Each structure stands twice: as C-alpha cells, then as structure tokens.
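[1] I would like the atomic coordinates for the input below:
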Amino acid sequence: MRTPRAIALLACTAALAATTAACSGATKPPVSAAGADFKVTPLSPPAQGPLDSFTWSLYAEPYTLDYALAYDYPPNTVLANVCEQLLRVTPDLKIEPGLAVKWAQPDPRTLVYTLRPGVKFHDGTTMTADDVVASLKRQMVPETGSPWGSSFKNVDAIEKTGPLEVTIRLGKADVLFHELLAASPGTVVSAASLAEAGKDYGTPKGKLNCTGPFALDTWAQGDSITLKKNAAYWDPKLTAKSEKVKFTFVEDVAARSNAFLSGSADGGYMVPSSSFAQLRSSGKGSLLFGPNTAGSNLAVLDFHGALGDLKVRKALSMALDRKNIIKAAAGGVGVPAKAPAARGAWALAPEKTAALFDTLPEPAYDVEAAKKLVQEAGATGRTVTLATSTLAPEISVVANAVQAAGRQIGLDVQLKPVSPDAYSSIFVDPNARAGLDLVITSGYDNTPDPLEFYQYLRTGDFGNYGNWTNAEFDVAFDRANSEPDAGKRAELTAKLQKIALDELPVIPVYEAPFSVFLGKRITGAPTGVVQLYYPWAATIGAAKR
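    Numbers count the residues shown, from 1 in each chain. The predicted structure is shown next:
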C-alpha cells in the first residue's frame with residue numbers, strides 16, 4: 001500500500017502488481033486468470049553490441065530529478081541510470097553492495113558503511129564520506145519536503161567516522177532502514193553540487209552530479225530528457241553500451257503504443273495492457289514480463305461505516321470476481337492476489353516463499369456465502385462509497401466490478417467520481433478521504449522484503465489510510481523489524497500477513513507482472529520493477545552485431 005506513487009502505477013495499466021515464482025531466473029510459465037501462459041524472467045536476452053543511442057518512452061514527464069523528491073515511476077526510471085545508492089537491488093531482486101563496498105552492524109542500533117574508494121562524480125571529483133552524510137541528512141530536513149523522510153524516523157545521527165566511513169546510529173533497531181539504502185533514501189550525490197544548485201537542483205534549470213553510468217545531458221522541458229555515457233564509471237560490469245539515451249514523454253495510451261509500433265520509441269516499461277495483444281502479434285519487437293513487488297488492493301478508509309464490520313469486509317472480498325477483473329484491467333496477464341503484499345515481494349528469502357506464501361489459499365469466490373455474511377452483519381442495504389476517477393481506465397474497471405459485487409450481496413456500493421488530482425490527494429490528505437469507505441490502491445515495495453509493505457498497516461503510519469489499529473500487529477512488526485536474518489524475518493512477517501488476511505484492513509484483488517517492450521534493434525534490459533533503482537539502461541545494446 002503506497003501513497004501518491006500508487007496513482008502512477010494505476011496510470012500505467014500493465015504493472016498493477018507482482019506475480020510468479022522465485023525471481024532468480026526464468027520461471028515456469030504461470031497460468032493467468034484469463035488462461036494464458038506468460039513467462040516471467042528478470043532479464044531480456046543480452047546485448048550483442050554497442051549503440052550510438054536509443055529512445056525510451058515514459059508515460060509522463062518526471063516532475064523532478066531531485067532524488068530526495070523522486071517518489072514515482074518517471075523520475076526514478078531516469079535517475080536509476082544517473083544517481084546511485086549505498087546498496088543496490090539486482091535484477092533478480094537481491095541486495096548487494098553499491099557505493100558502500102561493505103557494511104557492519106556492531107550492535108542492533110549501529111550501522112557502519114565502508115565506502116567504495118576512487119568513485120568519481122560526473123564532474124570528476126571524488127566521492128567522500130562528507131557527500132554521503134550530506135545526501136542522507138538532506139532527506140531528514142523538513143524543509144526538503146522529502147516523501148522519504150519517514151524512512152529516517154529511527155535515525156538519531158549520521159556521522160562521518162573516517163574518510164570513507166559513515167556511521168548511522170538508530171534510536172531502535174530498524175532493518176527496513178538499512179534495506180531502503182538500496183532505494184532513494186540511500187542515494188549519494190555531490191554535496192558541493194547540491195549547495196551550488198540550490199533551489200534549482202533537480203529542475204530543468206539545475207544540474208545533477210552523481211556517480212552513475214550515465215550523466216544528465218539535457219532536459220528540454222515538455223519534450224525530452226537526454227543522458228550521455230559516463231566514460232569514467234567505476235563498475236566495469238555496468239559500463240554503458242549506448243552513448244546516449246533519449247527519454248520521451250507520451251501520456252496517451254494509444255499514442256504510446258503507436259510509438260512502439262512505429263519505432264519512434266525503441267522501448268519502454270509499464271506497457272499499456274490494452275496493447276498487449278497488438279504488440280505481441282506485431283512483429284515489431286518483444287513484449288516481456290519481469291518480476292515485480294506490487295499488488296492491487298482495496299484499502300478501507302472508514303472503519304466506522306459498514307466496512308467496520310469484519311463480516312462485511314470478508315463478504316465483499318468473497319464477492320469479487322477477480323478472474324474477470326484481471327481480464328478487463330490487466331489484459332488477462334495476472335493472478336488473483338492471495339495476500340496484500342504480492343509474491344514478488346518475498347524475493348529476499350526465496351527459500352521461505354513456498355512455505356510462507358504459496359501455501360496460502362486462493363481467494364474465495366462465493367457470492368451466496370458472502371450474501372449470508374452481509375445478512376448476519378445486519379448490513380443489507382447499507383451504503384459503501386468507493387472513489388473512482390478518469391485518471392486511468394483500470395480504476396473504472398475495478399470500481400465497476402466492486403460495485404457489481406456489492407449489489408449481488410446486498411450492499412449499496414456508490415461510486416464517487418473525483419478528479420485525478422483529488423484522487424491523488426486521498427493518499428496524502430486525510431481530509432480528502434472524508435465520505436469515502438474504499439479506495440483502489442496499487443503500489444510496490446522498493447525492496448524485495450514483504451515487511452516493507454506491512455509497515456504501512458502499523459498504527460499511525462502515514463500509509464494506514466483508514467487508521468486501522470491492531471496491537472498484536474504492531475508488536476509483531478517491531479519484532480520482525482529488529483530481526484537481521486532474512487529467513488527468520490520472513491517467518492515473522494508471515495505472522496503479519498496472517499493478521500492482515502484475518503482482519504482485512506485492505507482487501508487483496510490481483511497481481512500482474514511488470515512489463516517492458518523492446519523494439520527489434522535493442523535488447524539487454526532488466527524486465528522487472530528493479531528498473532527503479534538499478535542502472536538498467538547501461539545493459540541495453542544492439543540486438544544484433
């Protein structure tokens with residue numbers, strides 16, 4: 001469950017959630033709700049040669065290139081190739097060293113990071129501990145307005161303890177904070193450049209000075225962003241194969257599909273699901289599916305209304321025809337969601353996934369039993385108000401399905417149309433939730449750890465939109481977040497998963513894989529949600545020599 005980022009995901013049709021088995025390689029083709037097979041693999045075929053340039057389609061122009069404010073697909077898709085983090089999430093959804101060559105935890109409340117020596121920023125200056133301290137601390141300053149600020153809530157101090165050493169002291173153990181240093185919270189930029197750019201940093205007027213395999217060349221606002229190869233990049237395994245990357249912004253779904261078909265865009269992530277069949281049969285390139293960490297859910301916003309009764313929440317879940325929702329909303333590529341956090345979010349301890357996630361029962365679909373639950377709750381005829389919007393077709397598809405399900409079991413589900421901006425406000429402004437019982441949410445974990453999702457259901461968390469509270473859940477979360485062993489933490493997270501499924505503060509709907517289209521002239525891209533932080537453009541090259 002996410003904040004405004006959920007809206008970006010809905011706006012991009014195909015990637016409403018994660019799916020399938022272990023993310024360490026090509027998986028056995030699962031059968032979607034529509035009956036079609038689809039293979040999920042973390043990488044496209046490797047590049048066969050270099051490129052002068054390629055063009056990549058974004059569904060919208062980034063609203064910023066400031067790492068501290070980047071909280072959405074367009075900015076993070078670009079920044080993943082320009083700026084880097086202390087840790088790195090790999091295409092097979094593991095966490096490995098990044099700008100920190102190693103780390104240690106001498107006690108549960110102390111993290112020590114040893115920085116990689118000799119790393120150069122794009123202007124040729126050398127990265128130091130001072131840059132790391134300045135970059136991380138900036139996200140803690142309220143004036144920055146970083147949506148990542150809450151990630152630092154348990155941080156007491158960030159200190160330079162050596163020329164290439166940074167020590168972070170915590171108020172209490174926080175495993176998720178360490179893991180999030182592989183995402184935006186762990187981004188390192190030049191402290192001198194931050195000071196020089198001032199308020200222009202991250203805007204079309206400003207400049208970026210990071211360490212990635214590409215550097216920002218130009219940002220023609222309203223038209224395109226161009227990156228150029230960083231010839232002095234520190235990691236030879238990820239030296240860019242293309243001299244330039246041009247990002248174009250195409251919001252219209254049909255126009256974006258036409259750009260893929262015409263070749264005016266060589267590729268793009270989050271392909272419109274309405275275009276799946278056409279792109280697959282076009283012969284113009286490859287439509288591929290990759291691992292994801294996301295899930296599409298219904299978040300309860302008001303526990304004082306009809307949905308305050310657990311029987312009613314269970315009834316509504318049982319009345320959802322998830323298979324038909326997937327056909328209509330995700331091009332038939334997806335599976336009914338078994339839990340609020342999707343299967344792909346369990347990649348950090350894949351040896352535990354089969355026992356802790358796969359054994360969960362499929363969501364029940366039993367309209368008659370659901371109707372009886374509504375009657376037992378004395379809720380027949382009661383109103384449930386669900387927000388809907390023209391922001392994306394999928395919102396209307398799911399909203400109409402929920403309305404139909406509710407009416408079948410005796411609930412009066414009213415759809416409240418709101419503007420795209422107002423829909424976004426639901427996730428950040430409690431006042432925008434007034435009069436609403438439900439909202440369609442969709443979003444992803446930044447790390448392959450399901451605990452990241454379940455943090456949003458803690459009492460008082462900003463992502464706990466309905467202010468649900470459960471003391472047992474809160475205690476279990478703190479215990480899991482203090483367990484450094486990924487396998488043991490997964491077992492503790494399974495307890496959170498069980499509570500969430502028993503109580504349904506959010507109702508799981510469906511999962512679908514991440515998608516990418518690659519035109520005939522390029523290949524080598526990671527296929528999954530890792531593209532938000534992994535330098536994916538560096539591995540793209542010519543499809544043929």
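[2] buried set for whichever strand or helix holds residue 423?
    Assignment of secondary structure by DSSP states H and E places residue 423 within helix 420-425. By neighbour count on 16 or more other Cβ atoms under 10 Å, the buried set for helix 420-425 is 423-425. Where you see a C-beta, it was placed from the backbone N, CA and C, and this is true even at glycine.
[3] that helix packs against which elements?
    In terms of contacts (3 or more Cβ pairs under 8 Å, 6 or more residues apart in numbering; DSSP states H and E), helix 420-425 is packed against helix 5-10, strand 383-389.
[4] what is the subsequent helix or strand relative to that helix?
    Taking DSSP H and E, what comes next after helix 420-425 is strand 438-444.
[5] that next one relative to strand 383-389, how many degrees between them?
    When axes from the mean of the first three to the mean of the last three Cα atoms, to 10 degrees is applied, the directions of strand 438-444 and strand 383-389 differ by 50 degrees.
[6] and the residue nearest the centre of the chain, how far from residue 537?
    Per Cα atoms, centre = their mean, the C-alpha nearest to the average position across the chain is that of residue 444, at 3.1 Å. Separation of residue 444 from residue 537 (Cβ to Cβ, to the nearest Å) stands at 20 Å.
[7] residue 432 contacts residue 419, doesn't it?
    No: the criterion here is Cβ atoms under 8 Å, and residue 432 misses it with residue 419 at 10.9 Å.
[8] between those two, who's got more neighbours?
    residue 432 (20 against 11; other Cβ atoms under 10 Å).
[9] all helices for the stretch 351-500 of the chain, in order.
    Secondary structure of the stretch 351-500 of the chain (DSSP state H, counting those that start in this stretch): helices at 367-376, 393-408, 420-425, 451-454, 471-481, 486-503.
[10] quick one: low-confidence parts of the chain?
    1-37 (pLDDT under 70).
[11] circling back: out of the helices of the stretch 351-500 of the chain, which gets nearest to residue 304?
    Closest approach to residue 304 among the helices of the stretch 351-500 of the chain is made by helix 486-503 (15.7 Å; Cβ to Cβ).
[12] which parts of that closest one are buried?
    The neighbour-count check on helix 486-503 (16+ other Cβ under 10 Å) flags 486, 489-490, 492-497, 499-501, 503 as buried.
[13] which elements pack onto that helix?
    Secondary-structure packing of helix 486-503 (3+ Cβ pairs under 8 Å, 6+ apart): helix 350-353, helix 451-454, helix 471-481.
[14] so which of those is the most packed in?
    For these, the largest average neighbour count (mean count of other Cβ atoms under 10 Å) is found in helix 451-454, namely a mean of 26.
[15] ok, back up a step: spatially nearest residue to the residue nearest to the centre of the chain (excluding sequence neighbours)?
    Residue nearest to residue 444 in three dimensions, not counting chain neighbours: residue 294, with 3.5 Å by Cβ to Cβ, 6 or more residues apart in numbering.
[16] hmm, that neighbour is touching residue 528, no?
    No: taking contacts as Cβ under 8 Å, residue 294 lies outside contact range of residue 528: 10.3 Å.
[17] out of those two, which sits in the busier spot?
    Using other Cβ under 10 Å, the more surrounded residue of residue 294 and residue 528 is residue 528, with 33 against 28.
[18] and the gap between the residue lying closest to the more buried one once chain neighbours are set aside and residue 44?
    Closest residue to residue 528 apart from its sequence neighbours, by Cβ to Cβ, 6+ apart: residue 290 at 3.2 Å. Per Cβ to Cβ, residue 290 is found 9 Å from residue 44.
[19] where do the contact lists of those two overlap?
    Common neighbours of residue 290 and residue 44 (criterion: Cβ atoms under 8 Å, 6 or more residues apart in numbering): 516, 526-527.
[20] save the residues you listed as CSV, and put in secondary structure and neighbour count too.
    Shown next, in CSV, are those (DSSP: H, G, I helix; E, B strand; the rest coil; neighbours: other Cβ atoms under 10 Å):
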residue, secondary structure, neighbour count
516, strand, 25
526, strand, 27
527, coil, 26
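[21] which of those residues lies closest to residue 259?
    Nearest to residue 259 among these, with distances taken as Cβ to Cβ, is residue 516, at 14.2 Å.
[22] just checking, the closest one touches residue 260?
    No: Residue 516 is beyond contact range of residue 260, at 10.6 Å (criterion: Cβ under 8 Å).
[23] any common contacting residues for the two?
    Residues touching both residue 516 and residue 260 (Cβ under 8 Å, 6+ apart) are 267-268, 271.
[24] distance to residue 303 for those residues - can I get that in a markdown table?
    What follows is those, written out as a markdown table (distance: Cβ to Cβ, whole Å):
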| residue | distance to residue 303 |
| --- | --- |
| 267 | 44 |
| 268 | 40 |
| 271 | 37 |
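[25] from those, which land in strands?
    The members of the shared contacts of residue 516 and residue 260 that map onto strands under DSSP state E are 267-268.
[26] dump the shared contacts of residue 516 and residue 260 to a markdown table, plus neighbour count.
    Formatted as a markdown table, the shared contacts of residue 516 and residue 260 follow (neighbours: other Cβ atoms under 10 Å):
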| residue | neighbour count |
| --- | --- |
| 267 | 25 |
| 268 | 27 |
| 271 | 28 |
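[27] residue 118: which of the shared contacts of residue 516 and residue 260 is nearest?
    Nearest to residue 118 among the shared contacts of residue 516 and residue 260, with distances taken as Cβ to Cβ, is residue 267, at 32.9 Å.
[28] what about the residue nearest to residue 528, how many neighbours?
    Residue 290 sits with 29 neighbouring residues when counted by other Cβ under 10 Å.
[29] I'd say it and residue 40 touch.
    Yes: taking contacts as Cβ under 8 Å, residue 290 lies within contact range of residue 40: 6.2 Å.
[30] overlap in contacts, those two.
    513, 527.
[31] dihedrals phi and psi, the residue nearest to residue 444?
    phi -110, psi 160 (degrees, to the nearest 10).
[32] now it: how far from residue 337?
    10 Å.
[33] again with residue 271
    Counting by Cβ to Cβ, the gap from residue 271 to residue 337 is 21 Å.
[34] just residue 166 next, same as before
    39 Å.
[35] ok, now how distant is residue 226 from residue 537?
    Residue 226 is 12 Å from residue 537, by Cβ to Cβ.
[36] pretty sure residue 118 contacts residue 235?
    No: the criterion here is Cβ under 8 Å, and residue 118 misses it with residue 235 at 11.5 Å.
[37] ok, those two, which is more surrounded?
    In this view residue 118 and residue 235 are compared by other Cβ under 10 Å, and residue 235 has more residues nearby, 16 against 9.
[38] does residue 155 touch residue 139 like I think?
    No: using Cβ under 8 Å, residue 155 is not in contact with residue 139, being 9.7 Å away.
[39] find the residue closest to residue 324 in space, skipping its chain neighbours.
    Per Cβ to Cβ, 6+ apart, closest to residue 324 is residue 401, 7.1 Å.
[40] so the one you found sits against residue 321, correct?
    Yes: the pair residue 401 / residue 321 is scored as a contact, 6.5 Å apart, by Cβ under 8 Å.
[41] what does stretch 477-488 rub up against?
    105, 108, 172-176, 348-349, 351-352, 449, 451, 454-455, 458, 489, 492-493, 495-496.
[42] again, only this time at 7 Å
    The contact list for stretch 477-488, computed with Cβ atoms under 7 Å, 6 or more residues apart in numbering, reads 105, 108, 173-176, 348-349, 351-352, 451, 454-455, 458, 489, 492-493, 496.
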